[in-house]
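# next comes the sequence, and after it the predicted model I'd like to discuss.
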Amino acid sequence: MQKTTYVGALLQSKCPRCREGNMFISSAANLRKFYLMNEFCPHCGVRLQPEPGFYQGAMYVSYGITVACLIVVSAILYYALGNPDQWVYIISVIAIMILLAPLNFRYSRVIYLYMFGGLKYKG
């Protein structure tokens, strides 16, 4: 069996310790349950919620993702549509951020756990 890479496990929302167990209970496409996380890794049993309030710091990661999306969407609109009116920028950014909200939520938590959770890979 081939081992999952660090980036591959992060993109698939896998446990940082074993890179096999899912961090979330359901897929991001399930809008009713996209935010539900496993408390423990279903594969290795490590605690995925290290302490109460741990994921409040993920708001900073989420902010960074939002700013990056704003820059990318603005650059695409500027260069592809030739600098349209301000309302086009506003509506486009709001629409994209609403569509990407489940992914933003999930990946901000995954990135935060990988960076600050103190869990090292034990393959």
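Here it is on my side, so go on.
# which element is the residue nearest in space to the middle of the chain on?
With distances taken as C-alpha atoms, centre = their mean, Y107 lies nearest the centre of the chain, 0.8 Å away. Taking DSSP states H and E as the criterion, Y107 maps to helix 101-116.
# off-centre distance for the lengthiest helix in the chain?
What stands out as the longest helix in the chain, according to DSSP state H, is helix 58-81. Between the centre of helix 58-81 and the centre of its host chain there is 15 Å, according to C-alpha atoms, centre = their mean, to the nearest Å.
# try stretch 75-95
Averaging C-alpha positions (C-alpha atoms, centre = their mean) puts stretch 75-95 24 Å from its chain's average.
# what ranges in the protein fall below the confidence cut-off?
Low-confidence segments of the chain (pLDDT under 70): 1-2.
# quick revisit: which residues touch the residue nearest to the centre of the chain?
Neighbouring residues of Y107 by C-beta atoms under 8 Å, 6 or more residues apart in numbering: S13, V61, I65. The way it works is simple: take the backbone N, C-alpha and C, and place the C-beta from them, glycine included.
# mind doing that once more with 10 Å?
Listed by C-beta atoms under 10 Å, 6 or more residues apart in numbering, the contact set of Y107 reads L10, L11, S13, A28, A58, V61, S62, I65, L100.
# what does C69 give?
Contacts of C69 by C-beta under 10 Å, 6+ apart are V93, I96, M97, L100, N104.
# what's the local residue count around M115?
By the measure other C-beta atoms under 10 Å, the count of residues near M115 is 13.
# kind regards, and thank you for your time.
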